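**Student:** got a sequence here, can you model it:
(one chain, ligands or ions: 2)
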Amino acid sequence: MMAMKLQPELADLLRQAYSGEKAAAFAYIGHARSLRDPEVRRAVKQIEEDEWNHRREVLALMQEYGVPVSRWYECKYHIIGRIISTACHVIGWFMPLYFAGRLESGNVCEYIVMKDYFNALGITKHDAILYEMAVKEREHEDFFQLQVKDSRLLPFFEKLFGWGGRQGFNTLDASKKDPDLAKVDAKSSGCRR
Ligand SMILES: [Fe+2]
Ligand SMILES: [Fe+2]
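**Tutor:** Ligands and ions are numbered 1, 2, ... in the order given. Next comes the predicted model:
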């Protein structure tokens, strides 16, 4: 049987996520190296591993539906990842942690929105994996939030960039086990876009 054709928006989301995960993994390599606290360093190394796993999982989805990898995104996110990776060594501890958390906050919704698109086609078999990836991103977000929560810079950055102690780009609860996946969508997860 021919694979079902995906909405162009979904195909593009998958392509961007695939390449974006590479940028994230690269960024975390540099980030981990710039950190002094061995425990935080280990945690960031683990997050890098998670992102490589996501990349593999997104690729499997793309292959199932015949979505080709975008050379443009691969190139673009390669460069972005390398730049952030290097920047981590020069801009102090706060900003890399802050912007990592802010980015992760948005990534949560990426996977929930993908689930919505699949569901719109009547495809529910990817619900569990997409939800699992969203929860992982939420765990990453929570980790970075914990790292910056006591910084005196946080209130200022929160005001400026819309993410921090009180506000984020999703309301997903990573601690909730086995929710009814049929009811998890962008709206119920507080995704703003
Ligand atoms: Fe990820
Ligand atoms: Fe992540």
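**Student:** who touches whatever residue of the chain ends up closest to ligand 2 in this structure?
**Tutor:** For the chain, the residue closest to ligand 2 is His140, as judged by CB to the ion, at 3.8 Å. (C-beta placed from N, C-alpha, C; glycine too.) Applying CB atoms under 8 Å, 6 or more residues apart in numbering to His140 gives the contacts Ile47, Asp50, Ala100, Gly101, Glu104, Asn107.
**Student:** how far away is Ile112 from ligand 1?
**Tutor:** Distance from Ile112 to ligand 1, counting by CB to the ion, to the nearest Å: 13 Å.
**Student:** go ahead and confirm that residue touches Leu130.
**Tutor:** Yes: at 7.3 Å, Ile112 counts as touching Leu130 under the criterion of CB atoms under 8 Å.
**Student:** residues touching Arg192, list them.
**Tutor:** By CB under 8 Å, 6+ apart, the contact list for Arg192 reads Cys109, Phe169.
**Student:** tell me the spacing between it and Leu13.
**Tutor:** Going from Arg192 to Leu13 by CB to CB, to the nearest Å gives 16 Å.
**Student:** the strand or helix carrying the residue of the chain closest to ligand 2: what's the following helix or strand?
**Tutor:** His140 belongs to helix 127-148 when assigned by DSSP states H and E. Remark: after helix 127-148, the chain's next helix or strand is helix 154-161, criterion DSSP H and E.
**Student:** and the lowest mean pLDDT element among the helices and strands of the chain?
**Tutor:** Ranked by mean pLDDT, DSSP states H and E, the weakest helix or strand in the chain is helix 71-87, scoring a mean of 90.
**Student:** could you confirm whether that helix reaches ligand 2?
**Tutor:** No: if you take CB under 5 Å from the ion as the test, helix 71-87 misses ligand 2, and the best it gets is 12.8 Å.
**Student:** right, and the helix or strand after that helix?
**Tutor:** Following helix 71-87 toward the C-terminus (DSSP H and E): helix 94-120.
**Student:** could you give the mean pLDDT of that next one?
**Tutor:** Regarding helix 94-120, the rounded mean pLDDT is 92.
**Student:** report the angle between that helix and helix 71-87.
**Tutor:** Relative orientation of helix 94-120 and helix 71-87, computed by axes from the mean of the first three to the mean of the last three CA atoms, to 10 degrees: 150 degrees.
**Student:** on contacts alone, who are the packing partners of helix 94-120?
**Tutor:** Helix 94-120 sits against helix 8-34, helix 127-148, helix 154-161, with contacts defined as 3 or more CB pairs under 8 Å, 6 or more residues apart in numbering; DSSP states H and E.
**Student:** try it again at 10 Å.
**Tutor:** helix 8-34, helix 38-64, helix 71-87, helix 127-148, helix 154-161 (3 or more CB pairs under 10 Å, 6 or more residues apart in numbering; DSSP states H and E).
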